[in-house]
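Enquirer: sequence first, predicted coordinates after that:
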Amino acid sequence: MGLHYLPPAAGDLVLLGDLTGRYAAGSYSRLGSDGRAVVLRADRQGAADHGHRITAAIACHVARAGGTADQLAQLLLHAEHEGGRHPRNIALRSGQSGARDYIRRAWDSAAAAVSNTRVLGSHHDAHEVLAALRDRIETTPWRGERGRTALRVLRGT
């Protein structure tokens, strides 16, 4: 599987990594001095969490495109693909077999997640799913003050 089978955003994630900071979370990231770019802090656990989120996202894209675990490994372990930095760091620390085991676990999780999701083919499909979700939210019992507050937050009121 080459990058041409993936949506453009997924291909960019593989080639360039997380340029927007979309997969950075918590205290691991902050806005740069320009107020627009995300700057990652040099915390090893934060870097590993960030790298794992990128790996998981790429694995989901490959699974949705009908790829395989071996194709995912090829994409992630390619020296010029910034999105595979985390698995390549694992390979440096734990060897190729450690990296491939990690990629296999990421693949298994992604394949399971993708198999439980529905592909939305149109804007109309998305509205139908949102309407069903809204109906479920409205018919679910929201007990106590915390529940009522959570419901108000979901409604945006």
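Expert: Thanks, I have the structure now.

Enquirer: for the lengthiest helix in the chain, what is the distance to the chain centroid?
Expert: Taking DSSP state H as the criterion, the chain has its longest helix at helix 85-115. Remark: helix 85-115 is offset 14 Å from the chain centroid, using C-alpha atoms, centre = their mean, to the nearest Å.

Enquirer: so after it, what's the next helix or strand?
Expert: helix 123-139 (DSSP states H and E).

Enquirer: only alpha carbons, please: show that following helix as CSV.
Expert: Presented in CSV, the C-alpha positions along helix 123-139 are these (Å, rounded to 0.1, in the frame of the first residue of the first chain):
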residue,chain,number,x,y,z
HIS,A,123,-23.5,14.9,4.6
HIS,A,124,-27.0,13.5,4.9
ASP,A,125,-25.6,10.3,6.6
ALA,A,126,-23.8,12.4,9.1
HIS,A,127,-27.0,14.3,10.0
GLU,A,128,-28.8,11.0,10.5
VAL,A,129,-26.2,9.8,12.9
LEU,A,130,-26.2,13.1,14.8
ALA,A,131,-30.0,13.0,15.0
ALA,A,132,-29.9,9.4,16.4
LEU,A,133,-27.3,10.5,18.9
ARG,A,134,-29.3,13.6,19.9
ASP,A,135,-32.3,11.4,20.4
ARG,A,136,-30.3,9.0,22.6
ILE,A,137,-29.0,11.9,24.7
GLU,A,138,-32.5,13.3,25.2
THR,A,139,-34.0,9.9,26.2
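
Enquirer: about what we covered before: give me the buried positions along the longest helix of the chain.
Expert: 85-88, 90-91, 99-100, 102-103, 106-107, 110-111, 114 (16 or more other C-beta atoms under 10 Å). Placement of C-beta: from N, CA and C, glycine included.

Enquirer: can you list the weak-confidence ranges in this protein?
Expert: 1-2, 25-32, 35-45, 157 (pLDDT under 70).

Enquirer: mind redoing it with 90?
Expert: 1-10, 18-50, 116-122, 125-126, 129-130, 133-157 (pLDDT under 90).

Enquirer: closest to the centroid, which residue in it?
Expert: Residue closest to the mean C-alpha point of the chain, counted by C-alpha atoms, centre = their mean, is residue 57 at 3.1 Å.

Enquirer: for residue 121, grab phi and psi.
Expert: For residue 121, the backbone dihedrals (degrees, to the nearest 10) come out as phi -90, psi -20.
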